[in-house]
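Peer 1: turn this into a structure:
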Amino acid sequence: MLRTDASLAPIVARASDYELQIIYTQINRDAQNQPHFVQHSFHLNAQQYFNPASLVKLPTAALALEKLNLLKQPGLNRRSAMATRTAFRCQTAAAYNPAADSDRVNTVGNYIKRMLLVSDNGAYNRLYEFLGQRPLNERLAQLGYPEARIVRRFAPCDTVANRHTNPIDFYSSTTKQLVYQQKAVFNATAFNYPLGQVLKGKAHQAGGRIIQKPYDFTTANYLPLQNVTDILKAIIFPEAIPANQQFQLNAADYAFLRHYLHQTPHGSGYQPYTSEMYFDAYKKYLYYGRSPKVPAESAVHIYNVVGMSHGYLADVAYFADSTRNSEFMLSAVIYVNKDGIINDGAYEYTSVGLPFLKRLGQVIHHYETTRPRLYAPDLTDFFSVEMAR
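Peer 2: Model prediction:
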């Protein structure tokens with residue numbers, strides 16, 4: 001399929017130049033409707049670094065909900081208002097704001113909505129701080145992702161500042177009383193970096209000038225494409241995952257995550273994203289190519305997380321089609337930086353990267369709608385209307 005499609009073939013022929021990696025997972029249901037996965041990959045290589053950018057928001061969101069469960073504090077849940085304070089350089093505060101409009105309150109739940117609906121970076125920073133650098137990464141290792149490194153905020157903080165996370169107060173959503181306080185935390189032992197030194201590009205821009213040296217990603221976040229794919233699978237299909245790799249989430253948590261992974265900014269009903277700038281395909285690269293003029297097809301349900309930074313475009317998605325009764329998973333990353341300069345803003349996102357991802361999603365989707373299956377999947381749970389607040 002990659003080599004015979006006229007739109008995909010030119011990029012595929014230069015896969016190394018584009019640092020292209022793809023995972024396509026077929027899903028076959030048995031007589032009991034249990035899913036069985038057959039993975040196909042193209043140029044998949046965990047040793048080939050790519051900037052995961054916002055892909056790190058998926059495990060961060062799931063682990064934040066899990067932490068709320070494990071704390072077992074009365075009155076503490078995803079709707080509890082948060083007041084983030086400061087205790088070290090590069091930290092910023094977010095005040096306690098018990099607004100009448102619950103969508104405007106700073107809570108774990110609202111931060112997750114902002115992350116999953118429009119990939120909000122500030123929301124990610126708050127949950128990174130809630131989790132703490134060491135607990136976040138140690139839990140990922142326990143779940144089977146020992147090479148993953150989520151060690152940075154999306155802010156210009158140095159490596160030491162990112163090891164310090166903020167004090168946070170939580171208030172009951174009903175009584176408005178303080179229900180939990182988290183002290184400032186410091187990761188005393190810095191993490192190592194599995195790939196060693198990682199240099200990319202021929203030059204990079206910093207301080208308004210071009211520096212003729214590669215950009216150093218050595219201490220940046222690192223999350224291989226296989227890891228993100230497996231994490232999404234663990235959220236969409238927890239019953240198909242070994243117990244020791246499952247998040248400690250309840251049914252309501254999973255429904256909440258799936259709802260906002262799937263929804264468009266407008267379709268979510270979340271008040272902050274009613275403006276026209278948040279179009280249907282705002283965070284849907286595969287199949288729609290992030291086109292502001294293309295409305296979402298109601299039959300095609302896409303549960304996904306994306307990344308866009310430093311010339312890298314990535315999308316990790318589960319597709320379920322209610323009209324054609326088909327499903328599959330598709331993950332891809334492509335590097336579009338023709339001039340080889342990092343941070344100059346001159347990337348071929350709209351001319352090369354997004355059109356490729358759009359066509360890739362469409363080609364695989366079309367094949368899946370015609371692929372014979374021994375048992376037709378029952379996807380009712382994915383198409384039922386629900387509002388997960």
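Peer 1: my guess is Ser7 meets Phe356, correct?
Peer 2: Yes - at 7.4 Å, Ser7 counts as touching Phe356 under the criterion of CB atoms under 8 Å. Just so you know, the C-beta spots here come from the backbone N, C-alpha and C atoms, and that holds for glycine as well.
Peer 1: between the two, which one's more packed in?
Peer 2: Remark: of Ser7 and Phe356, Phe356 carries more neighbours, 25 against 13, as counted by other CB atoms under 10 Å.
Peer 1: in terms of helices and strands, where is the nearest residue to that one once chain neighbours are set aside?
Peer 2: Leaving aside its chain neighbours, Phe356 sits nearest to Ile11 (5.1 Å; criterion: CB to CB, 6 or more residues apart in numbering). If you go by DSSP states H and E, Ile11 is part of helix 9-13.
Peer 1: before we move on, what about Gln226?
Peer 2: Using DSSP H and E, Gln226 maps to helix 225-236.
Peer 1: Asn304 sits in which helix or strand?
Peer 2: Going by DSSP H and E, Asn304 is part of strand 300-309.
Peer 1: against which helices or strands is the helix or strand just after that strand packed?
Peer 2: Next along the chain after strand 300-309, taking DSSP H and E as the criterion, comes strand 312-321. If you count contacts as 3 or more CB pairs under 8 Å, 6 or more residues apart in numbering; DSSP states H and E, strand 312-321 packs onto helix 225-236, strand 300-309, strand 326-335, helix 354-370.
Peer 1: ok, strand 312-321: who's next to it in the sheet?
Peer 2: Sheet pairing of strand 312-321 (DSSP bridges) gives strand 300-309 (antiparallel), strand 326-335 (antiparallel).
Peer 1: JSON lines please, covering the ones you listed and showing mean pLDDT.
Peer 2: Listed next are the strands paired with strand 312-321 as JSON lines, based on pLDDT from 0 to 100:
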{"stretch": "strand 300-309", "mean pLDDT": "97"}
{"stretch": "strand 326-335", "mean pLDDT": "98"}
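Peer 1: switch the ones you listed over to CSV; also include mean neighbour count and distance to Gly361.
Peer 2: Below are the strands paired with strand 312-321 laid out as CSV (neighbours: other CB atoms under 10 Å; distance: least, CB to CB, whole Å):
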stretch, mean neighbour count, distance to Gly361
strand 300-309, 22, 8
strand 326-335, 24, 6
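Peer 1: which among those strands is found nearest to Val179?
Peer 2: strand 300-309 (29.9 Å; CB to CB).
Peer 1: so that closest one versus helix 225-236, what angle?
Peer 2: Angle, strand 300-309 to helix 225-236, by axes from the mean of the first three to the mean of the last three CA atoms, to 10 degrees: 140 degrees.
Peer 1: re the thing from before, in JSON lines: the helices and strands packed on strand 312-321, plus distance to Ile342.
Peer 2: Below are the helices and strands packed on strand 312-321 laid out as JSON lines (distance: least, CB to CB, whole Å):
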{"stretch": "helix 225-236", "distance to Ile342": "20"}
{"stretch": "strand 300-309", "distance to Ile342": "10"}
{"stretch": "strand 326-335", "distance to Ile342": "11"}
{"stretch": "helix 354-370", "distance to Ile342": "19"}
